[in-house]
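Student: What follows is a predicted structure for the sequence shown.
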Amino acid sequence: MRAGVIGIGAMGMGVAKRLLARGYAVHVRDIRREAEDEARTAGATVCASPAEAAAACPVVITLVVDADQTEDVVFGRHGVAEGMQSGGVLVMCSTVSPEFSGPLAERLAPRGILALDAPISGGPARALDGTMSMMVAGEPAAFEKARAVLETVSGKRFRVSARTGDGSKMKLVNNLMAGINLAAACEGMVFGLKLGLDPRTIFDVVSASSGASWAFGDRMPRVLAGDYSTKAAVDILTKDLGLALETGAAARAALPIGAAARQSFIATSALGHGQEDDAAVAKYYARVAGVELPRG
């Protein structure tokens, strides 16, 4: 009943608190003091390094921003690989390129550490209540050793394959579609506003009609409320869409709609909204259209 969480941002904090609520002794590490203070208040043990957390836990989840940060907290000085005992399991949940996650198991094998490439989806609220989805790739032995932790933090676990890297591929497919759907949702909402329609009516009609999507139903209430406090930042999905396009180019897969969607995210970030919630993509469309967004 011990687990480590390295990276306690919006998703990682939810995962840590979920584990605490289920009786786990949770060891955490983050580069932000305020995040560590919040986790400590919730009952977690704050560690001086990823290695210290890994030394105390048979399963460690990493939830940092990208491949560079994952490389640092896993393989860097005082990283997870330095502290984890043989037989432990690293559960890597960040969205990274398959080129990075593919060799993960092979790189950790000499130390006797097992690896799961296990990106997640669902947002901070679902991380907190343990209902997010997880795309798991890795050897069956690693999955079985980490099963109890995985079942605690996720509502659905999709066994993608036994090869690390395939979880990341699946996540890029999902996030490509998420980005496209979000851009379409913002474009459609602002189109309706430009035509003089009531925003609440737009939301109600589309939600009950063929234009509906999960992204529309989840993000447009934030636009209606004028609430762009960060739950999932614009720059994060911009990065994920870039990874998808790079992977698509390497595989010679045509992703023209994804490329167009990413441009709306890049433009939103260029307007200064990169660290706001990704519903702020509506601000880019509103500026181009010359309309006012709802203020709640």
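Tutor: That came in fine, so what should we check first? Quantities reported herein were computed from a predicted structural model and do not represent experimental measurements.

Student: use CA for all of it now, contacts and neighbours both
Tutor: Fine.

Student: Direction included, what does the longest strand along the chain pair up with?
Tutor: Criterion DSSP state E: the longest strand present in the chain is strand 154-161. Sheet pairing of strand 154-161 (DSSP bridges) gives strand 132-137 (parallel).

Student: Alpha carbons of the strand it pairs with, in CSV - could you do that?
Tutor: Extracted in CSV, the C-alpha atoms of strand 132-137 (Å, rounded to 0.1, in the frame of the first residue of the first chain):
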residue,chain,number,x,y,z
MET,A,132,-9.8,8.5,-15.8
SER,A,133,-8.8,6.2,-18.6
MET,A,134,-5.3,4.7,-19.0
MET,A,135,-3.7,3.3,-22.1
VAL,A,136,-1.2,0.7,-20.9
ALA,A,137,1.6,-0.9,-22.8
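
Student: Run through who's touching it.
Tutor: Strand 132-137 is contacted from outside by 116-123, 126, 153-168, 170-171, using C-alpha atoms under 8 Å, 6 or more residues apart in numbering.

Student: Lowest-scoring secondary structure element of this protein by mean pLDDT?
Tutor: helix 124-129 (a mean of 93; mean pLDDT, DSSP states H and E).

Student: distance between that one and the chain's centre?
Tutor: 12 Å (C-alpha atoms, centre = their mean, to the nearest Å).

Student: Flag every buried residue along it.
Tutor: If you call a residue buried by 16 or more other C-alpha atoms under 10 Å, then helix 124-129 has these buried ones: 124, 126-129.

Student: what's it packed up against?
Tutor: With contacts taken as 3 or more C-alpha pairs under 8 Å, 6 or more residues apart in numbering; DSSP states H and E, helix 124-129 sits against helix 10-21, helix 140-153.

Student: coming back round to it: quick check on the contacts of strand 132-137: which are buried?
Tutor: 116-121, 123, 126, 153-155, 157, 159-168, 170-171.

Student: Longest helix in this structure, please.
Tutor: helix 166-194 (DSSP state H).

Student: residues of that one that come out buried?
Tutor: Those would be 166-172, 175-191, 193, for helix 166-194 by 16+ other C-alpha under 10 Å.

Student: do stretch 81-94 as well
Tutor: 81-85, 87-94.

Student: Show me how far that stretch is from its chain's centre.
Tutor: The answer for stretch 81-94 is 19 Å, by C-alpha atoms, centre = their mean.

Student: for the chain, what are the low-confidence residue spans?
Tutor: For the chain, applying pLDDT under 70 flags no range at all.

Student: With that, I have no additional questions.
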